[in-house]
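**Student:** sequence and predicted structure are below.
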Amino acid sequence: MVSTRDVETMIGRWERLLERAPLTIEGDMAVVTDLFREAAAVDPADPTEVQDLADASYAANQAAEAVRKWVQSTCAVDVATGLTIAPPRTAPPATSPATTVPTTTEPAPTPAPTVAP
């Protein structure tokens, strides 16, 4: 990030992702988004704030790893670089075509009438 505007843009993207995140990853994505917000507000000249951010970063590590894995497996994107790393997941092809029993269009034969003796 080069400027404050770059940081704000990046945080905005994470906030939009968080708004659309499925429940399975929403909690972890919120932790990562909050960490970015906290990092943007840190005064680098204040050692206490820098240490607090370092502590928050370590605490968010598990959530960040879960988000990274989810984005990679769902979108095939490395969130650290923004690069596509593999084709996205797709539904596996059917293993074999469905089999159906052939039907006939001819009516079933009518049984011959029985004669009583």
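**Tutor:** Received it, and whenever you're ready, just let me know what you need.
**Student:** quick check, distance from stretch 73-83 to the centre of its chain.
**Tutor:** Taking the mean of its C-alpha atoms, stretch 73-83 sits 10 Å from the chain's own mean (Cα atoms, centre = their mean, to the nearest Å).
**Student:** can you list the buried residues in that stretch?
**Tutor:** Going by neighbour count (16 or more other Cβ atoms under 10 Å), the buried part of stretch 73-83 is V77, V79. The C-beta positions use only the backbone N, C-alpha and C, and glycine is treated the same way.
**Student:** that stretch spans what distance, first to last residue?
**Tutor:** Across its full length, stretch 73-83 reaches 13 Å end to end, with Cα to Cα, to the nearest Å as the criterion.
**Student:** report the buried residues of stretch 14-34.
**Tutor:** Taking 16+ other Cβ under 10 Å as the basis for neighbour counts, the residues of stretch 14-34 that come out buried are W14, L17, A21, I25, D28, M29, A30, V31, V32, T33.
**Student:** lowest confidence element among the helices and strands of the protein?
**Tutor:** Sorting the helices and strands of the chain by mean pLDDT, DSSP states H and E puts strand 83-84 at the bottom, at a mean of 72.
**Student:** lovely, talk soon.
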